[in-house]
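Engineer: need a structure here:
(chains A and B)
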Amino acid sequence: GQQVMQIPQYQHVQEGEDFTTYCNSSTTLSNIQWYKQRPGGHPVFLIQLVKSGEVKKQKRLTFQFGEAKKNSSLHITATQTTDVGTYFCAGPSNFGNEKLTFGTGTRLTIIP
Amino acid sequence: KAGVTQTPRYLIKTRGQQVTLSCSPISGHRSVSWYQQTPGQGLQFLFEYFSETQRNKGNFPGRFSGRQFSNSRSEMNVSTLELGDSALYLCASSLAVNEQFFGPGTRLTVL
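Structural biologist: Just a heads-up that it's a prediction; the model follows:
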């Protein structure tokens, strides 16, 4: 079945440093979604990318969808303590009534 | 608009028992998905319901079942509970297979 891996699994950064998490799918995705889960909370939708090579920005967050639509990345510039949490990518495995497969997640810890 | 609600929020059961969890989606959302989240396995897809029909199913044993009612509310049931079923069970609603709105989850502990 489809597998979606994320690296790194954990990342500890000093406040103000940049952070990047990478997402790789074993199959082509029709779209890629990113979610953030704060400690003790539930996943919250951040963004969806649909087009090959698409890049979207949300303030300090930059999201990319690979040309082959099998990988994606999330980059945070100048991290803040509010960025703490686990970041998940997720993608539908096939076109049509596909189910969403979540990546393994990257847990970000900020050192003040 | 009210968000996704799940009841109960916390549950403690013993091995062999069965449990039913409930989810009320955002008004107008007809798709409801269930996920199991554990520290070791991450977010695992259980099943998705759309207009009272199971549209997709994950790789879980038959002890895990669900249903959706005509008002889009959904329930999931786990029979013959095992220790390994201890997890956070998340429900998410959506208009289609895109942005998922998650509920706060039900924390199930099996003793």
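
Engineer: output the lowest mean pLDDT helix or strand found in chain A.
Structural biologist: strand A:100-102 (a mean of 88; mean pLDDT, DSSP states H and E).

Engineer: now swap in chain B and tell me
Structural biologist: strand B:53-57 (a mean of 90).

Engineer: about what we covered before: the least confident helix or strand of chain A vs chain B: in contact?
Structural biologist: Yes - contact of strand A:100-102 with chain B (Cβ under 8 Å from any Cβ of the partner chain) involves A:100-102. Backbone N, C-alpha and C define where each C-beta goes, glycine included.

Engineer: strand partners (parallel or antiparallel) of that strand?
Structural biologist: Here strand A:100-102 is paired, per DSSP bridges, with strand A:85-92 (antiparallel).

Engineer: where does the residue nearest the centre of chain B fall, secondary structure wise?
Structural biologist: The centre of chain B sits closest to B:Trp34, judged by Cα atoms, centre = their mean, with a distance of 3.5 Å. Assigned by DSSP states H and E, B:Trp34 falls within strand B:31-38.

Engineer: tilt between that strand and strand B:53-57?
Structural biologist: 40 degrees (axes from the mean of the first three to the mean of the last three Cα atoms, to 10 degrees).

Engineer: and strand B:31-38, how far from the chain's centre?
Structural biologist: 5 Å (Cα atoms, centre = their mean, to the nearest Å).

Engineer: what's in contact with it?
Structural biologist: A:99-100, A:102, B:23, B:25, B:43-50, B:55-56, B:60, B:66, B:68, B:72, B:74, B:76, B:86-97, B:100, B:105 (Cβ atoms under 8 Å, 6 or more residues apart in numbering or on different chains).
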